[in-house]
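**Student:** Provided below are the primary sequence and the corresponding predicted coordinates.
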Amino acid sequence: DTEVTQTPKHLVMGMTNKKSLKCEQHMGHRAMYWYKQKAKKPPELMFVYSYEKLSINESVPSRFSPECPNSSLLNLHLHALQPEDSALYLCASSQAIPAANTEAFFGQGTRLTVV
Amino acid sequence: QKEVEQNSGPLSVPEGAIASLNCTYSDRVSQSFFWYRQYSGKSPELIMSIYSNGDKEDGRFTAQLNKASQYVSLLIRDSQPSDSATYLCAGWGLYNQGGKLIFGQGTELSVKP
């Protein structure tokens, strides 16, 4: 089973709203990732969690706040977003980092629209 | 030089032809590579992993890795319209890029019936 589950699939939010994206995996992976993807661009790394601790923050604005409550769950809390934050948000997981031969698997993504 | 460089295409091939997708990479990337397929509006799906020099075949897909030339490719034989998608190559970063899965720009493949 290589399933990473993301909810919701679609989200429309206003610029003053607070919302959360959720990601879950049951593969025993200890590294989890948030990526942002704009149309016709590759995924862009936002955050990496390793063993439930934040290990990489790619200088993401504070209106995005990640959380890893346990080894299976990853959340991304959203607050005061801008229309340019509209994108496909992808969660991924892998066995561990650093990860030479480790495969990473993506969830189906959340299509976020900020109005 | 970017860590992973990929011809962005688009690449158009007729049905039944061989599609060839290519990436080059720098010394800042681990020499293990992954090919993801991404249909429009969907998430990336891992289709091939290659860790050793040479070829790795899986059905109609063959991944090739040449560590000396820092070159990785994906061949799709007997291309089908259902293969039409964007293909992303990716590798794990090294040094100050450690822990990051780094993607090429993606190649958009169109298979014409």
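**Tutor:** That came through fine.
**Student:** spell out the secondary structure type for the residue sitting nearest the centre point of chain A.
**Tutor:** Against the mean C-alpha coordinate of chain A, by CA atoms, centre = their mean, the closest residue is residue A:34 at 2.7 Å. For residue A:34, the assignment made with DSSP: H, G, I helix; E, B strand; the rest coil gives strand.
**Student:** thinking it is in contact with residue A:44, fair?
**Tutor:** No. Residue A:34 lies out of contact with residue A:44 (CB atoms under 8 Å); the separation is 9.9 Å. (Glycine included, C-beta is placed from N, CA and C.)
**Student:** about what we covered before: what pLDDT is listed against the residue nearest to the centre of chain A?
**Tutor:** Turning to residue A:34, the model gives it a pLDDT of 98.
**Student:** residue B:44 too?
**Tutor:** For residue B:44, the pLDDT comes out at 98.
**Student:** count of neighbours near it?
**Tutor:** Residue B:44 has 29 neighbours, counted by other CB atoms under 10 Å in any protein chain shown.
**Student:** and the closest residue to it other than its chain neighbours, bridged to which residues?
**Tutor:** Leaving aside its sequence neighbours, residue B:44 sits nearest to residue B:36 (CB to CB, 6 or more residues apart in numbering or on different chains; 3.8 Å). Residue B:36 forms beta bridges with residue B:46, residue B:88, as assigned by DSSP bridges.
**Student:** quick one: contacts for residue B:36?
**Tutor:** A:106, B:44-47, B:87-90, B:103 (CB atoms under 8 Å, 6 or more residues apart in numbering or on different chains).
**Student:** coming back round to it: from residue A:90, how far off is the residue nearest to the centre of chain A?
**Tutor:** Residue A:34 sits 7 Å away from residue A:90, taking CB to CB, to the nearest Å as the criterion.
**Student:** need the residues touching each of the two.
**Tutor:** With CB under 8 Å, 6+ apart as the test, residue A:34 and residue A:90 reach no residue in common.
**Student:** switch the contacts of residue B:36 over to a markdown table; also include distance to residue A:12.
**Tutor:** Shown next, in a markdown table, are these (distance: CB to CB, whole Å):
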| residue | distance to residue A:12 |
| --- | --- |
| A:106 | 22 |
| B:44 | 23 |
| B:45 | 26 |
| B:46 | 29 |
| B:47 | 32 |
| B:87 | 30 |
| B:88 | 27 |
| B:89 | 33 |
| B:90 | 30 |
| B:103 | 27 |
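**Student:** of these, buried ones?
**Tutor:** A:106, B:44-47, B:87-90, B:103 (16 or more other CB atoms under 10 Å in any protein chain shown).
**Student:** what's the helix or strand for the residue of chain A found nearest chain B?
**Tutor:** Proximity of chain A to chain B (CB to the nearest CB) peaks at residue A:42, 3.8 Å away. Following DSSP states H and E, one finds residue A:42 outside all helices and strands.
**Student:** residues touching it, list them.
**Tutor:** B:88, B:103-106.
**Student:** likewise for residue A:90?
**Tutor:** Residues near residue A:90 by CB under 8 Å, 6+ apart: A:6, A:34-37, A:43, A:106-107, A:109, B:43-44.
**Student:** all strands of the chain, in order?
**Tutor:** Just so you know, I chose chain A. A:4-7, A:10-13, A:18-25, A:31-37, A:44-50, A:53-57, A:64-70, A:73-79, A:87-94, A:105-106, A:110-114 (DSSP state E).
**Student:** not quite, go with chain B.
**Tutor:** Along chain B, the segments classed as strands by DSSP E run B:4-6, B:11-14, B:19-25, B:29-38, B:45-50, B:54-58, B:61-66, B:71-76, B:85-93, B:101-103, B:107-112.
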